[in-house]
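Asks: Show me the folded form of this:
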Amino acid sequence: RRAYNAHLALHNCIPGDAIAERLGEFGGGVLMSATLAPLDVFREVTGLNALQSEGRPVVERTYGLGFPAENRASFAVDVPKFTYENRGPPGEDNETRRAYVNACAEIAASPGNVLVGMPSYAEAKWMAGELDERLSKTVLLDEASDDGATERLKADFFDGGQKVLVTSLRGTLTEGVDYRGDRLSAAVVCGVPIIDTSSPRTRALKTAYDRRFGSDGRGGRSGFETALTVPAVRKARQAIGRVIRGPEEVGVRALVDARYARASWDSVREYLPETEREEFDPVSSDLLGYGVEQFWSTVDSA
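Replies: Predicted coordinates for the structure are as follows:
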């Protein structure tokens, strides 16, 4: 008793039934987002399958991005996977970390504001320090803080001049924020933001999804895929979705990690919708700068 403070937490890992009960109280409704795919997982965890099994009609509609394709450049940059085994701790100097700094710096050369999303706040702090030494632009760092500090940081980012904002993909600045107009010209996602797999809650979540989707054959997906990989890719897609918010806007979107660029045992490319897989052509790190430069020169000449 002197050494430990124990606590008990009850967590509903797959709350589909509870959500279905609440949704069932309504006569109808629309669940809408640009990042629902893959829909089989979304239907199960939000209770839509449970509602359908009770006789409620569930209809799916999918729409592509209806803005001019020539207004955006999309890159899946083939650099070493941003895993701890490859990158080591923040501050370590190695080939993997140098490749990510180079990619971010090349995209940050875009005119206007640039958003850089990292898998954690610790990695965001490291990247901000590296870019601050490389760039002439002002580099802002989003750290885990209260809402007031976040609002002040956003105001600073939007307040004229060309800046780079580095944040965690698990923070609040990569989804739900309106970067309309000239507030953002490029967004970079570094790595696949999979949460810590060692915590008791994460292990319980994975086990629950294994039982629901994997071991009993429903859906054919492993617990790791459904509980960790799919939400991580959604986070990445939310971040790059900040760039193009209207038909007149232009910008660069980049997913930096070999897992976005090519097939491998842990590739996440299959979790991108087909239209995004077609747009995010794999590009080598040595051709990224040329691609970014060519896009902006084409846009400027138009």
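Asks: Identify each buried residue in the helix or strand that residue 289 is a member of, please.
Replies: Residue 289 is part of helix 285-301, with elements assigned from DSSP states H and E. Neighbour-count burial for helix 285-301, with 16 or more other Cβ atoms under 10 Å as criterion, is recorded at 285, 288, 291-292, 295-296, 299. All C-beta atoms are positioned from the backbone trio N, CA, C, and that covers glycine.
Asks: which intervals of the protein have sub-threshold pLDDT?
Replies: Judged by pLDDT under 70, the chain has its weakly predicted residues at 214-220, 301-302.
Asks: what residue lies at the spatial centre of it?
Replies: Here the mean C-alpha position of the chain is nearest to the C-alpha of residue 236 (Cα atoms, centre = their mean), at a distance of 1.2 Å.
Asks: Over to that one. Which of the three states is it?
Replies: Classification of residue 236 by DSSP: H, G, I helix; E, B strand; the rest coil places it in helix.
Asks: re the thing from before, would you reformat the buried residues of helix 285-301 as a markdown table and include distance to residue 242?
Replies: Rendered in a markdown table, the data for these read as follows (distance: Cβ to Cβ, whole Å):
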| residue | distance to residue 242 |
| --- | --- |
| 285 | 23 |
| 288 | 20 |
| 291 | 20 |
| 292 | 17 |
| 295 | 17 |
| 296 | 18 |
| 299 | 18 |
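Asks: Tell me the one of the residues you listed nearest residue 1?
Replies: The closest of those to residue 1 turns out to be residue 285 (Cβ to Cβ; 55.3 Å).
Asks: List the contacts of the closest residue to that closest one other than its chain neighbours.
Replies: Closest residue in space to residue 285, ignoring its immediate chain neighbours: residue 79 at 5.1 Å, by Cβ to Cβ, 6 or more residues apart in numbering. For residue 79, the contacting residues are 96, 99-100, 103, 256-258, 285, taking Cβ atoms under 8 Å, 6 or more residues apart in numbering as the criterion.
Asks: now, among those, which is nearest to residue 53?
Replies: Ranked by distance to residue 53 (Cβ to Cβ), the contacts of residue 79 are led by residue 257 at 37.8 Å.
Asks: Relative to residue 277, how far out is that closest one?
Replies: Summarising the geometry, the distance separating residue 257 from residue 277, computed by Cβ to Cβ, to the nearest Å, is 15 Å.
Asks: element containing the nearest residue to residue 50 once chain neighbours are set aside?
Replies: The shortest distance from residue 50 to any residue that is not its chain neighbour, by Cβ to Cβ, 6+ apart, is 3.9 Å, and that residue is residue 20. Using DSSP H and E, residue 20 maps to helix 16-23.
Asks: Can you point out the buried residues in that helix?
Replies: 16, 19-20, 23.
Asks: Residue 275 is in contact with residue 65, correct?
Replies: Yes. The pair formed by residue 65 and residue 275 meets the contact definition of Cβ atoms under 8 Å, at 7.0 Å.
Asks: shared neighbours, those two?
Replies: None of the residues lies in contact with both residue 65 and residue 275 under the rule Cβ under 8 Å, 6+ apart.
Asks: picking up where we left off before, what residues does the residue nearest to residue 50 make contact with?
Replies: Residues near residue 20 by Cβ under 8 Å, 6+ apart: 46-48, 50-51, 54.
Asks: got a markdown table for those, with neighbour count and distance to residue 190 too?
Replies: Below are these laid out as a markdown table (neighbours: other Cβ atoms under 10 Å; distance: Cβ to Cβ, whole Å):
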| residue | neighbour count | distance to residue 190 |
| --- | --- | --- |
| 46 | 18 | 29 |
| 47 | 20 | 34 |
| 48 | 20 | 33 |
| 50 | 19 | 37 |
| 51 | 19 | 38 |
| 54 | 9 | 43 |
